[in-house]
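# next one to model:
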Amino acid sequence: SSAPCPWSLLGSHFHQATRAVKELAKTERMPFNHALFGATVGLATTIFANAIRKVPVLRKPWEHALAMGIGAVGANALYKWEQEQLLLFHENNQKLKDAGKNAFYPAGVAK
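Numbering: from 1, shown residues only. As a prediction, this is how the structure comes out:
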């Protein structure tokens, strides 16, 4: 009888991690700084694009508002993704450590 392969232990835990991150998002407010940074990047991008084309910088204000909204949503999505990946990393790292403790060692090989 051999121990299960450590890589097979990683399979179906993605959904558990996603649920954990969603629960964390419900209890903890997403940081305002990420949304503010994303909105600033969106605004700066549109202003820079208009300046390069040598058109009035605030030519179409709705474009600036749209870019700020997309930047804010994108920054928050990136933050959530980063937290989810960190949680998955810690879970999988712990599973690999636990699997290593129970791994099959042939006779004569020191643990």
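# relative to residue 75, how far out is residue 87?
Shown here: residue 87 relative to residue 75, a distance of 19 Å by Cβ to Cβ, to the nearest Å. C-beta coordinates here come from the backbone N, C-alpha and C atoms, glycine included.
# okay, the two: which has more neighbours?
Using other Cβ atoms under 10 Å as the criterion, residue 87 and residue 75 rank with residue 75 on top: 22 against 17.
# by contact count, what packs against the longest helix anywhere in the chain?
Assignment by DSSP state H gives helix 61-101 as the longest helix of the chain. Contact analysis of helix 61-101 by 3 or more Cβ pairs under 8 Å, 6 or more residues apart in numbering; DSSP states H and E lists helix 14-27, helix 32-52 as its packing neighbours.
# ranking the ones you listed by mean pLDDT, which is last?
Confidence, taken as mean pLDDT, is least for helix 14-27 of the helices and strands packed on helix 61-101 (a mean of 60).
# check contacts around residue 97.
If you count contacts by Cβ atoms under 8 Å, 6 or more residues apart in numbering, residue 97 has none.
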